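[1] Output the structure for:
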Amino acid sequence: MRQGKVFYKDIFAGIVSETDDGEYTFAYQHSYIEEHPTQFLTFSMPVKDNIYRDRRLFPFFEGLIPEGWLLDIASDNWKINKNDRMGLLLACCKNCIGAVSVEPLDLSTDE
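    Below is the predicted model of the structure:
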């Protein structure tokens, strides 16, 4: 399983995951739900205490991944297949343009 911590304006908002069977999930952090109930990441994912699930990476997160020549550079430098959307999201979206960022979650540590 690969996971990323999702931040909205430096506030920890939730976790995006790719499960071992290829399903994608996103869940808002409970503290974020309580403190920022109207501050959604995207209209298609309102702030709720449920898990969003899909067989493909959610379009909102797809939109954070670089395209064109920038995707070529990222793919070549980090040796990530362009079809590995979760790998690209975790590698490229820590400092992306906009209010949302994604940092890899290291499952080997106690975070």
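[2] F60 in helix, strand or coil?
    Secondary structure state of F60, per DSSP: H, G, I helix; E, B strand; the rest coil, is helix.
[3] looking at this, R56 is in a helix?
    No: the assignment for R56, made by three-state DSSP, is coil rather than a helix.
[4] Skipping adjacent residues, who's closest to it in space?
    Y24 (6.7 Å; C-beta to C-beta, 6 or more residues apart in numbering). Where C-beta positions appear, they are placed from N, C-alpha and C, glycine not excepted.
[5] With A74 instead?
    C92 (5.1 Å).
[6] quick one, strands of this structure?
    With DSSP state E as the criterion, the chain has strands at 2-8, 11-18, 24-28, 51-54, 100-104.
[7] what's the longest helix in the chain?
    Secondary structure of the chain per DSSP state H: the longest helix is helix 68-78.
[8] what's the weakest-modelled helix or strand in this protein?
    The helix or strand of the chain with the lowest confidence, counting by mean pLDDT, DSSP states H and E, is helix 68-78 at a mean of 89.
[9] Alright, calling it a day.
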